[in-house]
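J.: I'd like to go over a predicted model; first the sequence, then the structure.
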Amino acid sequence: MPITSPLSVRRALPLLLLLSALPLPALAQAGKDTIRLKDGKDQTVKIDAEEYGGVTFTPARGAAATAPWKDVQSIQYGGAPEFAQASAAFAAGRLAEAQTQFEELAADAKLRPVLKQHALYHLALIHLRLGRLEEAIAAHENLLRAFPKGRYLLLAGGNLLACHLAKKDVEGAGRALERFTQDVRGAGLEGGFEAELGLLKARLLEAQKKFAEARAVYEVAEKTGASSPAVAQEARLGVGRCLLREGKGADAEPIFRGLKDLPDAGTRVSAGAWNGIGDIVAQEGREKRDPEKLLEALYAYLRGVVQYRPAPGEPTEEYERALAGAADCFKFISQLDRNPERKRQYADRSRERLEQLKKEFPSSPYLEGR
Amino acid sequence: MKPGLPALALLFTLEGLAQGPEERILGRGDAAFARELYRAGYVDLAKGVCAAIEKAGKASPAERIEVRALYLDLQLDAAKEEADPRKRKDLVAAVLRGKQEFIAANPGSREAQEAEDNLSDVYRLLGEVLTAVLQKEQDPAAAAKLRKEGEETFTRAADVLKQQVAKLKELRDDPAAELRYMNACYSLPRTYYYHSLIYAPGDIKKERLLEEAVASFREFGLDYGDRMLNFEGLVYQGLCHRELGKPEEALADFDDAIRLRQTYEQNEAGLFSLSSDAADVVSAAVLQKVLLLKDQGKFAEAIEAAKDYLGTTADPLAAGRGLAVLAAEADCELASGDLTGAGATADRLVAADPNGVWGRYGRELQGRMLGGGGSSSGADPAKLIRVAEAMVEGGDADRALEICGEALRLARGSPQEASLGSEAFLLIGALYARRGWLHEASVAFDAAAERYPTGEMAPEGLWKAVLCYLRLNGQEKRPFYKRRVEDRMARLARNYPNHPNAGYAQVVEAKQLEEDQEYLKAAALYEKVAPGSSSYEDALLGAGNCHFQHALQLLQEKKAGEAKPFFDQAEARLRKAAAEAEAAAEKTMDRDAQRRLGDVGYRALGTLSNLFLQDGSKREGEVLALLKGADERFADDPAKLASLWGLRIQALQAQGKFGEAIDLLESLLQKNPDPRQVAAASGVLARSLDQRGQDLREKDPKSSEADDLWRKAARYYEASVRAQLKGEEPSNASLLDGVGTRLFVFGLHFNGVPEDQEEFVGWESSVPRAPEFWEQAGKMYEAALTTSVSYKTMISLGRTHGYLGRWREAATVLARLFDQESLLNPDKTRIQNAALAAKPELLPAYLEWGVAEFQVAADEKDQERLARALHIFEVLASSTGGESRRWWHAKYYQIQCLLAQGEYKRADVAVRSVERTTEDFDQGKFGYKAKFLQLKSELAKKVLR
């Protein structure tokens, strides 16, 4: 028998009953992970470790195995909702929120080491993205101490170098690289890490504007890293970049054009190659005051913005460079145009792209002087 | 379906409004009718009837009381909808005051008695929102202030209820009084519960209130165990136990409340068929149970409780908290690591509430599941693309872009890579195109075809790239774009000959000529397309457009006679295009083709309407007839409907039927359609009213007619962007900023701000008399800033807050602005001339920031803010010219800061320095002479010389 309603006119039911956003309880620490290798098949496994050389996992049946990173398509961590939330916040650019969540994860003594490594890396990356360079250096060093053979080893080394260079501390960068190199060599790693160390050394030289020396190191890295196409392509890109900076655009251009057409190139290499082409064509457009050329350059830069956008956690230098290059092209076209409406339109477009760069990377080196 | 809706809706149809809404709607018992509408949930219709009663002006005194009471309830509903807790608190407090005044002004009336009985609900709402604000408040001083406000509010509420209980206890023989007594007895412990929430855990006051609430709810249960209110009370009792740290007792309370369903019969499928009130109570109890179990980490039990409710209740999601229960289930599944279950539940949430808050939450959950670490945890790229599409719908374009990127990475190497890759890039292109970034859009569309030439959507990518380049070429006329159009078109024809647009080469060539304004050549080319060709209807439309454009050119050259035959030819072709497109659409089942043909028909009608609206054509009257039936034809496309309504209103305006245009729009608004559908029409009318108002004001600055026009314009401006403000449409930052600025200007006018006043500094009015314009402008600026970080919009928002006296908000926005804009030199002591030359608007904004910081600091005795404000004024005083208005502002506030810091000697020196270095201060030019003399005399009492 239904119960009669009491009086009250459209009585607001007291149903705004606090859908409280209480913190989630402690994680279910052990979960089933899923790994997908390049064959496209998912396997339910337990991820044991993620190191420079590859991921080690134990399948439901059978013995533990290690797969090199080039063979891994994706990994899904079971029973790790807070980690998933933190990663999603990071991917969505909500860095303050992601920082809090990663800090909580990193402080959890019971957190699986595999996830702890991710948490430490992302924390370091957040500091770097936000321009907190001292904190970023400390966080990267912390990561390298905790995981001296970890999956992020070389990326962390590169970021460490970038932090010192962003501080305009070339000497500090040199010392950090030297220390890092010693640590890597002493860690007993397998695989072609020497070529990757070469890339870092060349980057340091490039930052010091020693382009010829840098190019020579890149060339060595390209040869020694031949067994790893990704390293070889990265080195080749460095060669092209140095040639360009040495004023040898004609020699650099075929390198960039060759790299941009490689089907297996990573997003960073593809974006870098298009940025190189953008630099060459933009230079020509500026010299000839030719808006058609500048448009061509703009479209080259936009490849790095739209088509070869980095994944969350990947280096963003080429993406930032592409955004800045696109903003410059819009600005130059605006300066050349005589039609007041189009002039304003292009100036607005330039400003919008710069604002996007500022919003996504407030401490980007490409914002300097703008 | 809600009862009686069709009949009620009929009252508001267009035809019915012809004689004026009030005459048509009103009869006997109108106020009671409005109340019934409100009770039935037809809030907008109730508002309509109230408005009609007021407009007709024939209501009896009793009816006026009824309408006033209803208005207060409507205001309360509106307050509940306010998303910002601080604003919501102020709105609810205003309603509370209104109700108290109403009760005092109408003693003995039924409405006053009802208002009194329900006053505790308003107190409860106020308490809830106070609690929400308190939880977010970081500043201890502000929190203490809020807590005091809450304490006073709840104590007053409890006192009122205790008096009611005492008074009604004696009258319980009367059934009506008995009901009121029960309601008051129930409300009292509920008030204790909300009161307890303002105290921190462990506070003795909190525990006492909670224990008192539990005891009272138990007593209530003994007296009214068979009443619905008792079951609601059990939910609160459970919440009290939870707050007291007694989860087991809380769970028992929730279970007791859930048992309410057992008093209802089960249908044939074994599901409980609950009344809507009972379903609300049961769903609330289940929700609290699930949340508590989740909090305890008992995810499996929580999921089971949710599933039990969802699986044993008829129409479970329709209940008040049904969707919240589903969301809580998804949360628990996610927390327990059951991503498959969480994904399915989130999908269900999105499907059940696609455009609502829970649908958005479902998409957020879907998004949350995508951040698994080194790579995505979603793992299915096809599903990711669907999620990205859902996020686009939800307005989260940035996240959608990220997810598309993730889908591309995951698809790499899979057999579906080409198909999914081309689809993802198509979506990325559409996202950029929506933002108006056509260069990026064309790159994405190109990538769909270049990178994945075998993908299903590759040809569509090429076609969309062609359209992008065509548009860019139309805007800029550059060979670069033309070459790209030709190249993409050739590739489409060569590589994808079966694509429906592959045969469009001829049309594209004509389009190029059209973009180059070679209209007659373009028309000739369009007319070569034979009937039966896939592009025939488009070609007819193109030919019509070209003839029309050519005629317009001739008209501009004052060759009206020569233009006439081209207008005629345009009309003939456009009519034919519309008819052929409609006929062809009926003959095909292909949805893409139907969409394309629909688009042709719509554009033909639009151009024909514009043709009729040409100055001197005298055919404006034909527009309404032309567009008859168009609403049904384009019912599923709000953007098209909106534009068609805009044309209708333009037509009426052009005929001088301004009143009819307003009535037409009002009828559209009254019908409460999708706000997206009224946007364009409202915008057209708003701009027109605004312009008429400006014209009148130029002739007579005090014109009251101009005031009326601007007030109406403000209303329609708001309607024109309402869909964007509600998040039902992507934000168009420049439109929102533009409309916001008009409302800001209206605010300046209606609040009597002098014409030469730019910044709020120096405007001395304690309370704005017409704050509503600025409040709306503020909302628009805020919405604009969600998609664009324009410094100008930030300045406007900060200024708007300042004019409203919302110092804290103004200071926050302006602090953010100067966080991203470098105005000062590296040692932060002076303003950089170069920065100021590039963005001169920053100077007044900097001054406004200082004043906003000063006001907050003064209110809250915040020394840090005071120091910040002082620094700003010092910089300004040293950087601006000695005799400028801004220098005087800065100097005056600099001294005020010193006074507030207790630095009387420094303040005294500063005043005397100004006196010495100026000739009689500002000689009253900016109103500072008197102020400085006042300062001097104040300081004379504090500084001993």
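T.: Yes, it's here. Numbering: from 1, shown residues only, chains lettered A, B, ... in the order given.
J.: quick one: name the residues of the stretch 251-370 of chain A near chain B.
T.: With CB under 8 Å from any CB of the partner chain as the criterion, the stretch 251-370 of chain A meets chain B at residues A:291-292, A:295-296, A:298-299, A:302-303, A:305-307, A:309, A:311-313, A:326, A:342, A:345, A:349, A:352, A:355, A:358-359, A:362. For every residue, glycine as well, the C-beta is placed using N, CA and C.
J.: filter these down to the buried ones.
T.: Applying 16 or more other CB atoms under 10 Å in any protein chain shown to those, the neighbour count classes A:291, A:295-296, A:298-299, A:302-303, A:305-307, A:309, A:311-313, A:326, A:342, A:345, A:349, A:352, A:355, A:358 as buried.
J.: give me the nearest residue to residue B:102, chain neighbours excluded.
T.: Once flanking residues are discounted, residue B:102 sits nearest to residue B:115: 5.8 Å by CB to CB, 6 or more residues apart in numbering or on different chains.
J.: low-confidence regions, chain A specifically.
T.: A:1-31, A:40, A:191, A:226 (pLDDT under 70).
J.: can you give me the helices for it?
T.: A:81-91, A:95-107, A:113-129, A:133-146, A:153-166, A:170-186, A:193-207, A:211-224, A:229-245, A:249-260, A:267-288, A:291-302, A:317-336, A:340-360 (DSSP state H).
J.: of the ones you listed, which is nearest residue B:541?
T.: helix A:340-360 (26.8 Å; CB to CB).
J.: name the helices or strands packed onto the closest one?
T.: Helices and strands in packing contact with helix A:340-360 are listed as helix A:317-336, helix B:458-476; criterion 3 or more CB pairs under 8 Å, 6 or more residues apart in numbering or on different chains; DSSP states H and E.
J.: and what about the residue nearest to residue B:102, helix, strand or coil?
T.: helix (DSSP: H, G, I helix; E, B strand; the rest coil).
J.: isn't it up against residue B:104?
T.: No. Under the criterion of CB atoms under 8 Å, residue B:115 lies out of contact with residue B:104, with a separation of 10.4 Å.
J.: mind checking which of those two has more residues around it?
T.: Neighbour comparison, residue B:115 and residue B:104: the larger count goes to residue B:115, with 22 against 9 (by other CB atoms under 10 Å in any protein chain shown).
J.: residues touching the more buried one, list them.
T.: Residues in contact with residue B:115, defined by CB atoms under 8 Å, 6 or more residues apart in numbering or on different chains, are B:69, B:72, B:99, B:102, B:103.
J.: so what's the backbone phi/psi at the second one?
T.: Backbone dihedrals for residue B:72, given as degrees, to the nearest 10, come out at phi -60, psi -40.
J.: same deal with residue B:455?
T.: Dihedral angles phi and psi of residue B:455 (degrees, to the nearest 10) take the values phi -70, psi 150.
J.: contacting residues around it?
T.: With CB under 8 Å, 6+ apart as the criterion, the residues that contact residue B:455 are B:418, B:419, B:420, B:421, B:422, B:423, B:448, B:449, B:461.
J.: can you get me a residue count around the closest residue in space to it that isn't next to it in sequence?
T.: Take residue B:455 and drop its neighbours on the chain: the residue closest to it by CB to CB, 6+ apart is residue B:422, 2.9 Å away. Under the neighbour criterion other CB under 10 Å, residue B:422 is assigned a count of 26.
J.: ok, residue B:422 touching residue B:450?
T.: No. Between residue B:422 and residue B:450 there is no contact, the gap being 9.8 Å when judged by CB under 8 Å.
J.: in helices, which of the contacts of residue B:455 fall?
T.: Among these, the members falling in helices (DSSP H) are B:418, B:419, B:420, B:421, B:422, B:423, B:448, B:449, B:461.
J.: the second one and residue B:382: what is the separation?
T.: Applying CB to CB, to the nearest Å, the value for residue B:419 to residue B:382 is 9 Å.
J.: in the stretch 201-350 of chain B, what spans have low per-residue confidence?
T.: In the prediction, the stretch 201-350 of chain B carries residues with pLDDT under 70 at positions B:337, B:339-340.
J.: looking from chain B, tell me which residue of the stretch 151-300 of chain A is nearest.
T.: Of all residues in the stretch 151-300 of chain A, residue A:295 sits closest to chain B, with a separation of 4.6 Å (CB to the nearest CB).
J.: list the contacts for the nearest residue in space to that residue that is not next to it in sequence?
T.: Setting aside the residues directly before and after it, residue A:295 is nearest to residue B:480 in space (CB to CB, 6+ apart), at 4.6 Å. Residues in contact with residue B:480 (CB under 8 Å, 6+ apart) are A:292, A:295, A:296.
J.: for residue B:894, same thing?
T.: B:870, B:873, B:874, B:877, B:910.
J.: surely the first one is in contact with residue B:898?
T.: Yes. Applying CB under 8 Å, one finds residue B:870 in contact with residue B:898, separated by 7.1 Å.
J.: ok so, going back, if I look at the residue nearest to residue B:455, how far off is residue B:447?
T.: Distance check for residue B:422 against residue B:447: by CB to CB, it reads 9 Å.
J.: which residues are in contact with each of those two?
T.: Common neighbours of residue B:422 and residue B:447, using CB under 8 Å, 6+ apart, are residue B:461.
J.: which one of the contacts of residue B:115 sits closest to chain A?
T.: residue B:69 (9.2 Å).
J.: for stretch B:270-281, give me every contacting residue.
T.: So stretch B:270-281 is contacted by A:2-3, A:5, A:13, A:15, B:228, B:231-232, B:235, B:257, B:260-267, B:282, B:312-316, B:318-322 (CB under 8 Å, 6+ apart).
J.: circling back to that earlier point, residue B:419 and residue B:382: which has the busier surroundings?
T.: Set residue B:419 next to residue B:382 and count neighbours by other CB under 10 Å: residue B:419 wins out with 19 against 15.
J.: quick one: residues contacting that one.
T.: In this structure, residue B:419 makes contact with B:452, B:455, B:456, B:457, judged by CB under 8 Å, 6+ apart.
J.: the nearest residue to residue B:767 once chain neighbours are set aside: which element?
T.: Using CB to CB, 6+ apart and skipping residues adjacent in sequence, the residue nearest residue B:767 is residue B:805, 7.3 Å away. Residue B:805 is part of no helix or strand, with elements assigned from DSSP states H and E.
J.: I'd assumed residue B:774 was in contact with residue B:805.
T.: No. With contact defined as CB under 8 Å, residue B:805 does not reach residue B:774; the gap is 10.0 Å.
J.: which neighbours do the two share?
T.: Here residue B:805 and residue B:774 have residue B:768 as joint contacts, going by CB under 8 Å, 6+ apart.
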